[in-house]
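Visitor: model the following, please.
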Amino acid sequence: MSVEHTLWAQDATGLADLIRKGEVSPIELTEAAIARAEATRSDINATAEPLFDAARARAKTVDRSLPLAGIPFAIKDLGIAMKGVLTHGGSRIPAWRADVNSVLTDRYLAAGLIPIVTSTSPEHGLRLMTESKAFGITRNPWNTGHTSGGSSGGAAALVAAGVVPVAHASDGGGSIRVPAACTGLVGLKTSRGRIPLTPLVSESWYGMVVDHALTRSVRDCALLLDLTHGPDLLTPYAAPSPKGSFVAAAARDPGKLRLAVYRKSPLGLPVSAETLVALDAAVALAREGGHTVADIDLPFVGRDFFADFATGVASAVAGTMRAEALRVGRSVLGDIERATRIIARFGELVSAGEIYAGLQRLHATSRQLIAETAQYDAVLMPIIAHPPLACGAMDPKGADELIENLLDKLHLTALLKLKPLLGQLMDKSLGFTHWPAIQNVSGQPSIALPVHVTDAGLPLGIQAAGRPGDEETLLSLAAQMEKISGWLGRRAPLRVPS
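Guide: Have a look, this model is predicted:
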């Protein structure tokens, strides 16, 4: 078997074991990953910055006693720093070169991981499809006419294409779970405060953004969490400490769990039959594992909740554009995409009082959600309302494009304070992904599970949301479902090694 095939077929835990046994070397794996990154680049367009020379140098000297020594890796081109590496944030704003590592980057390197590229993101992570004016369209290895999701779509495409077995990702409104659902991967949105974002920021989007990874296997997800979680001196708050290791949690039988399933769209928008088939598949796997599953409703999570979420994000984007203008010494409104510009201008129009009141409403709903679902070990619900969309499907067309142009060119952003118009644009933005932002607001952990592949050959995952701080139960349940389903053996058909 070739080294490329070994890289393509194994998860990170398996590859690390082969390295420890001397059956493959870090430099051999790194060279195979670089070659595969280059071979698939025109297919998936998932690389922002190649790091090949630095990767080769690190692979030659990595301490083979480290838990993930020599494992090829990708770091997202957004919200994380790697010293000396350009970060674009998926934008045409002039890139910045970090002079320090993020705490999370240091933890990745201390584990022995070998970053070979940074992965593509939509501009500032604002779309749940990875398409940008700066980098173009990132494509799904299962079918390159379709999206790999976003905003961690580059990370997902690289893992699904067998370039790397694990990749850094972040999630502010579904940006780990949506790409996982689109590409047949495991994606854990961690509890708020589980992994530090320091020293770049103390928190992002009012605490709604978290970092972790996209992986092929549940055990990789758990291992990477063991190696990266926990506060540092600059962390403003921390998630509750786990009872044991996350790897141990993933390895043990979950026992008999009490689960719930939430089937409705909180936005009241259409949900495809395929999404409901995927949700039923997850329920069937859970029941096969010996768990009870009860249908529930969450009527207090509705359109007003998402309007407050969207308004809060807009204010955060406005603040980010101010910071970027200070960094480059001029306005950046001409550099950014039309949709980003509209969001930023809207964020400038919303008063501090309105933002504070909206956040308080979100927190109140979160408390109610956590209290009313505390009786369940996890709640199953969709991630995406439809199978992975065709590339370009979320681009505004016709009347939608006309409205965007008018809002932008005539500076009519104030019209978004009218509830019907904000609702219309919100439906366009979130029409593909109705559910994931719920856990970003509540701070709960939620894991994407690759339970289904459509008749057209496209993955369609669902999520299990847990109690705050309880990733261990989610990992135990996910590992059991992985074993029952056999999903770990699925691979995208793109450039299968001989």
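Visitor: mind jotting down where the strands sit in the stretch 351-498 of the chain?
Guide: With DSSP state E, counting those that start in this stretch as the definition, the stretch 351-498 of the chain shows strands at residue ranges 378-382, 446-449, 462-466.
Visitor: strands paired with the second one, and their directions?
Guide: Spelled out, that is strand 446-449. Paired strands of strand 446-449, with direction, are strand 186-189 (antiparallel), strand 462-466 (antiparallel) (DSSP bridges).
Visitor: and if you look at the first one?
Guide: Strand partners for strand 378-382, identified by DSSP bridges, are recorded as strand 258-262 (parallel), strand 462-466 (antiparallel).
Visitor: distance of Ala385 relative to Ala273?
Guide: Counting by CB to CB, to the nearest Å, the gap from Ala385 to Ala273 is 11 Å. No exception for glycine: its C-beta is placed from N, CA and C like everyone else's.
Visitor: which of those two has more neighbours?
Guide: Using other CB atoms under 10 Å, the more surrounded residue of Ala385 and Ala273 is Ala385, with 21 against 8.
Visitor: show me the contacts for the more buried one.
Guide: Ser265, Leu269, Pro270, Val271, Ser272, Thr275, Gly431, Phe432, Thr433, His434 (CB atoms under 8 Å, 6 or more residues apart in numbering).
Visitor: CSV please, covering the residues you listed and showing distance to Ala33 and pLDDT.
Guide: Output for those, formatted as CSV (distance: CB to CB, whole Å; pLDDT from 0 to 100):
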residue, distance to Ala33, pLDDT
Ser265, 39, 98
Leu269, 40, 97
Pro270, 40, 96
Val271, 38, 98
Ser272, 35, 98
Thr275, 33, 98
Gly431, 36, 94
Phe432, 30, 97
Thr433, 30, 97
His434, 35, 97
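Visitor: poorly predicted segments of the stretch 101-250 of the chain, please.
Guide: By pLDDT under 70, the stretch 101-250 of the chain has no low-scoring segment.
Visitor: show me where it has its helices.
Guide: Along the stretch 101-250 of the chain, the segments classed as helices by DSSP state H, counting those that start in this stretch run 103-110, 153-160, 177-183, 218-228, 246-251.
Visitor: among the ones you listed, which comes closest to Glu4?
Guide: Closest approach to Glu4 among the helices of the stretch 101-250 of the chain (CB to CB): helix 153-160, 14.3 Å.
Visitor: that older thread, so which of the strands of the stretch 351-498 of the chain is the most packed in?
Guide: strand 446-449 (a mean of 30; mean count of other CB atoms under 10 Å).
Visitor: dump that strand to PDB, restricted to CA.
Guide: Only the C-alpha atoms of strand 446-449 are listed here, as PDB (Å, rounded to 0.1, in the frame of the first residue of the first chain):
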ATOM      1  CA  SER A 446     -23.100  19.900  19.800                       C
ATOM      2  CA  ILE A 447     -21.600  17.200  17.600                       C
ATOM      3  CA  ALA A 448     -22.200  16.700  13.800                       C
ATOM      4  CA  LEU A 449     -22.700  13.000  13.000                       C
END
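Visitor: can you list the neighbours in contact with it?
Guide: Residues contacting strand 446-449 (CB under 8 Å, 6+ apart): 176-177, 180-181, 185-189, 221, 282, 383, 436, 439, 461-466, 471, 474-475, 478, 481-482.
Visitor: turn the strands paired with strand 378-382 into JSON lines, including distance to Arg327 and mean pLDDT.
Guide: JSON lines is the format used below for the strands paired with strand 378-382 (distance: least, CB to CB, whole Å; pLDDT from 0 to 100):
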{"stretch": "strand 258-262", "distance to Arg327": "42", "mean pLDDT": "98"}
{"stretch": "strand 462-466", "distance to Arg327": "35", "mean pLDDT": "99"}
